[in-house]
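Undergrad: Next come a sequence and a model predicted from it.
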Amino acid sequence: MMDKLLMNANKIWRSETAIACAFMSANVLLIVANVILRRFFNAPIFGATEMVRYLSLVAAGFALAQNEWIDGNITMSLIHEKLSTKAAARLRSITNCVVSVAFIIITYLLYVEMGSKFANVDVSYELNFPLWLPALVLAVGFTLLTISVIIKTILLVHLEITGGAQINFRDLVVPKDNQAIES
């Protein structure tokens with residue numbers, strides 16, 4: 001059952017990475033097009049700054065969970081190095097539980113903010129873009145981030161109880177030697 005959970009989580013995080021990559025690519029193309037149009041044709045893209053802001057927010061929202069999954073953030077490596085493997089796993093499980101609670105609260109507040117923006121019909125200044133959409137994407141990103149932390153905690157506790165081998169989450173998502181990961 002844990003293997004199936006791990007495989008499904010990997011598929012979700014890899015697809016999120018592809019979506020985030022698409023939004024970042026669109027962002028780069030928009031910036032390049034805006035620079036070229038502004039410099040050579042004196043015709044900048046209207047609202048380009050706002051569009052870059054929202055595309056970046058969407059890309060970050062989709063990349064949050066995958067970044068957590070592969071331990072992309074700075075961790076307490078100094079403390080972990082000084083502890084035994086079991087003690088480090090226990091500390092990580094405890095901190096993941098605390099972080100999960102914090103992320104649940106943050107996610108709830110993001111959904112409240114999104115609902116407020118929707119109810120007030122808040123729109124952006126230049127493009128009159130509804131602001132509840134980026135707020136929704138960020139809230140969904142935090143939801144998936146919370147799920148990622150919870151799944152990792154479950155897997156770490158399961159491995160600690162069963163005495164299984166440690167999982168290097170980075171190897172599950174990031175291909176070695178630029179080779180595609182088999183599903």
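TA: Yes, it's here.

Undergrad: how about Val123, phi and psi?
TA: Val123 has phi and psi values of phi -130, psi 160 when expressed as degrees, to the nearest 10.

Undergrad: what bridges to it?
TA: Beta-bridge pairing of Val123 under DSSP bridges involves Pro130.

Undergrad: Now do the contacts for it.
TA: Phe129, Pro130, Leu131 (C-beta atoms under 8 Å, 6 or more residues apart in numbering). Any C-beta I mention is one placed from the backbone N, CA and C, and that applies to glycine too.

Undergrad: what number of residues lie near the last one?
TA: Burial of Leu131 is recorded as 18 neighbouring residues (other C-beta atoms under 10 Å).

Undergrad: how about the helices of this protein, start to end?
TA: 2-41, 48-69, 77-82, 85-119, 132-162, 169-173 (DSSP state H).

Undergrad: Any idea which of those gets closest to Tyr125?
TA: With C-beta to C-beta as the criterion, Tyr125 lies closest to helix 48-69 of the helices of the chain, at 7.4 Å.

Undergrad: Show the average pLDDT along the closest one.
TA: Regarding helix 48-69, the rounded mean pLDDT is 87.

Undergrad: and if you look at stretch 80-95?
TA: 80.

Undergrad: residue contacts, the closest residue to Ile104 other than its chain neighbours?
TA: Leaving aside its chain neighbours, Ile104 sits nearest to Thr146 (5.8 Å; criterion: C-beta to C-beta, 6 or more residues apart in numbering). Contact analysis of Thr146 by C-beta under 8 Å, 6+ apart lists Ser100, Phe103, Ile104, Thr107.

Undergrad: okay, which residue is most central for this structure?
TA: Per C-alpha atoms, centre = their mean, the C-alpha nearest to the average position across the chain is that of Leu64, at 1.2 Å.

Undergrad: Okay, that residue and Ile70: tell me how far apart.
TA: 12 Å (C-beta to C-beta, to the nearest Å).

Undergrad: do the same with Val98
TA: From Val98 to Ile70 the distance is 21 Å (C-beta to C-beta).

Undergrad: Please apply the same query to Ser56.
TA: Taking C-beta to C-beta, one finds Ser56 at 20 Å from Ile70.

Undergrad: These two - which one has more neighbours?
TA: Neighbours were counted for Ser56 and for Ile70 using other C-beta under 10 Å; Ile70 has more, 17 against 14.

Undergrad: Quick check: phi and psi on the more buried one?
TA: According to degrees, to the nearest 10, Ile70 has phi -90, psi 10.

Undergrad: again with Tyr125
TA: Dihedral angles of Tyr125 (phi, psi; degrees, to the nearest 10) stand at phi -70, psi -50.

Undergrad: Pull the number of nearby residues for it.
TA: With other C-beta under 10 Å as criterion, Tyr125 counts 8.

Undergrad: Grab the nearest non-local neighbour of it.
TA: Spatial nearest neighbour of Tyr125, excluding adjacent residues (C-beta to C-beta, 6+ apart): Glu50 at 7.4 Å.
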